[in-house]
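Enquirer: Provide a 3D model corresponding to the input given below.
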Amino acid sequence: MENQIATGGGIGIATPLTRSVSTARITWLDWLRAIACLMVIMVHACECVYSNDYSFNFADSTSLWSVALISGLMRPAVPLFLMASSFLLLPLKGDVSTFFRRRFTRVAIPFAVWLVLYAVLPAAWGEWSWSQSLDNLSTVWINFNPRGSHLWFIYMLLGIYLIAPIISPWLKNVSRRQEEFYLGIWFLTTFSWHLHEYVGDVAGECWWNPYPTFYYVSGSFGLVLLAHYIRKYVDWGVKKTLMVGVPCLVAGYAFCVGWFYHQSGVAEEVRVLELSWQPSSFAPAVMSFGAFLLIRLIRISSGPVYSAVRHISAMSYGIYLMHMMLLPAVFTMYAGTMPVYGVIIATAVTTYIVCYAITTVISRLPFGKYIVG
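Expert: Numbers count the residues shown, from 1 in each chain. Sure thing, here's the model as predicted:
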């Protein structure tokens, strides 16, 4: 199974980048994209309960526990997307110019379109003034505006694309032990979020040097490398996969929930509250390893359910790009109509379905690929 080439994009969020050259599907990757895309939306629905960018507030203990239990479980979302990237992307196949040309058309152009839409469109329903939209447009070439903060993922993804031609030759020749060595260093760096909070600068960090010893083997690099390692060397049966995957998922989840609850009583900023939830922090990394292994066990590759999952997978890039345009309004619609956990789930599922429907319609337009990939 692992030697098949999947249709869909060479990124965790599917785009039609490689459909023309694909010969077969890795069907569980369709499930992964569909699941991970819903997980991302669920995380953002949870944030509507307590987060105001930098500050936070929980109305009561029910709100706190609803967010902790639901959002904590969703934390593998971004790592799963990155790990899917390695499965389809690295080592690179074909020439570098073709690689960049395809990603420019299917990833970078829709990304640029949505950067502009998030800067301008909310003025149409009075979220801010048109003069504010003009201010947003003046800086959109520098970075996203807060309304489109989820687009940070695409910036990071484009960074992975830039280094892909550099690390691909190494991945073709690296030995198993050498790869394990770098994975071990990377795993140690997943504790750096907590080290920075309680120790401060480490390994040569200072205000004139933000690139310490392990900077270049930390963060998203390790998640991509981990998936490559799994594909090449981890070929376990169901029993061993469950014996490893389930404890990793449970242990990471328990830490995420426990630390979040603890921090809710002592932290003053969202940054500190969510310290254990960062995609490259060790608990989400452990959870993601377990979740990735477990999703590989999914064998459903036919029937109406898989047909829907497969199409959601193909639309997942557009769903991701647009979901924060709709989610706050959907949350407001449900707020106060049911328990907090119900509001979170209803908001996420409704946003997911509506964005899927809109993305499907746009994708059928002659210029749709430039909007939703």
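
Enquirer: Low-confidence regions, the stretch 1-150 of the chain specifically.
Expert: The stretch 1-150 of the chain contains residues with pLDDT under 70 at 1-24.

Enquirer: Going along the chain, name the helices of it.
Expert: For the stretch 1-150 of the chain, helices defined by DSSP state H, counting those that start in this stretch occupy the ranges 27-50, 61-73, 77-89, 96-103, 109-120, 130-139.

Enquirer: Just say which of those is most tucked in.
Expert: helix 77-89 (a mean of 25; mean count of other CB atoms under 10 Å). Backbone N, C-alpha and C define where each C-beta goes, glycine included.

Enquirer: For it, name the packing helices and strands.
Expert: With contacts taken as 3 or more CB pairs under 8 Å, 6 or more residues apart in numbering; DSSP states H and E, helix 77-89 sits against helix 27-50, helix 152-173, helix 220-233, helix 282-295.

Enquirer: give me that answer again for 10 Å
Expert: Judged by 3 or more CB pairs under 10 Å, 6 or more residues apart in numbering; DSSP states H and E, helix 77-89 is in contact with helix 27-50, helix 152-173, helix 220-233, helix 282-295, helix 303-334.

Enquirer: got a markdown table for those, with distance to A346 too?
Expert: Shown next, in a markdown table, are the helices and strands packed on helix 77-89 (distance: least, CB to CB, whole Å):
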| stretch | distance to A346 |
| --- | --- |
| helix 27-50 | 9 |
| helix 152-173 | 24 |
| helix 220-233 | 31 |
| helix 282-295 | 24 |
| helix 303-334 | 5 |
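
Enquirer: thinking again about what came up before, for the helices of the stretch 1-150 of the chain, which one sits closest to V305?
Expert: helix 27-50 (10.0 Å; CB to CB).

Enquirer: could you give the angle of the closest one to helix 303-334?
Expert: 10 degrees (axes from the mean of the first three to the mean of the last three CA atoms, to 10 degrees).

Enquirer: Helix 27-50 packs against which elements?
Expert: Using 3+ CB pairs under 10 Å, 6+ apart: helix 27-50 touches strand 55-56, helix 61-73, helix 77-89, helix 270-273, helix 282-295, helix 303-334, helix 340-363.

Enquirer: Could you check how far the fifth one is from the centre of its chain?
Expert: On the basis of CA atoms, centre = their mean, to the nearest Å, helix 282-295 is displaced by 13 Å from the centre of the chain it belongs to.

Enquirer: Do me a favour and average the pLDDT over it.
Expert: Here helix 282-295 scores 95 as its mean pLDDT.

Enquirer: how big is the angle separating that helix from helix 77-89?
Expert: Going by the same axes, to 10 degrees, helix 282-295 is angled at 50 degrees with respect to helix 77-89.

Enquirer: wait, isn't Y334 in contact with G342?
Expert: Yes - assessed by CB atoms under 10 Å, Y334 is found in contact with G342 at 7.8 Å.

Enquirer: list the residues that contact both of the two?
Expert: Common contacts of Y334 and G342 (CB atoms under 10 Å, 6 or more residues apart in numbering): none found.

Enquirer: neighbour count winner among the two?
Expert: Y334 (17 against 12; other CB atoms under 10 Å).

Enquirer: Tell me how far the more buried one lies from F100.
Expert: 42 Å (CB to CB, to the nearest Å).

Enquirer: next one: G373
Expert: 16 Å.

Enquirer: And I300, by the same measure?
Expert: Separation of I300 from F100 (CB to CB) stands at 35 Å.

Enquirer: just Y320 next, same as before
Expert: Counting by CB to CB - Y320 and F100 are separated by 21 Å.

Enquirer: if we look at stretch 331-344, which residues are touching it?
Expert: So stretch 331-344 is in contact with 42-50, 58-60, 62-67, 69-71, 330, 345-348, 350-351, going by CB under 10 Å, 6+ apart.

Enquirer: nearest to E269, of the helices and strands packed on helix 77-89?
Expert: helix 27-50 (12.2 Å).

Enquirer: The closest one to helix 340-363, inter-axis angle?
Expert: Using the same axes, to 10 degrees: helix 27-50 against helix 340-363 is 130 degrees.

Enquirer: and the angle from helix 27-50 to helix 152-173?
Expert: 150 degrees.

Enquirer: now helix 27-50 against helix 61-73, angle please.
Expert: 150 degrees.

Enquirer: residue closest to the middle of the protein?
Expert: By CA atoms, centre = their mean, the chain has its centre lying nearest to V78, at 2.2 Å.

Enquirer: does the closest residue to it other than its chain neighbours count as helix, strand or coil?
Expert: Excluding its sequence neighbours, the residue lying closest to V78 (CB to CB, 6 or more residues apart in numbering) is P279, at 4.2 Å. Three-state assignment for P279 (DSSP: H, G, I helix; E, B strand; the rest coil): coil.

Enquirer: any idea of the mean pLDDT in stretch 320-340?
Expert: Regarding stretch 320-340, the rounded mean pLDDT is 95.

Enquirer: quick one: buried residues of it?
Expert: Within stretch 320-340, the residues that count as buried by 16 or more other CB atoms under 10 Å are 320-328, 330-331, 334, 340.

Enquirer: and if you look at stretch 211-222?
Expert: Buried, per 16+ other CB under 10 Å, within stretch 211-222: P212, F214, Y215, V217, S218, G219, S220, F221, G222.

Enquirer: how about these in TSV, adding pLDDT?
Expert: Compiled in TSV, the buried residues of stretch 211-222 are given as follows (pLDDT from 0 to 100):
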residue	pLDDT
P212	89
F214	89
Y215	89
V217	89
S218	90
G219	88
S220	88
F221	87
G222	91
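
Enquirer: of all those residues, which two lie farthest apart?
Expert: Taking CB to CB, the two most distant members of these are P212 and S220; they sit 16.7 Å apart.
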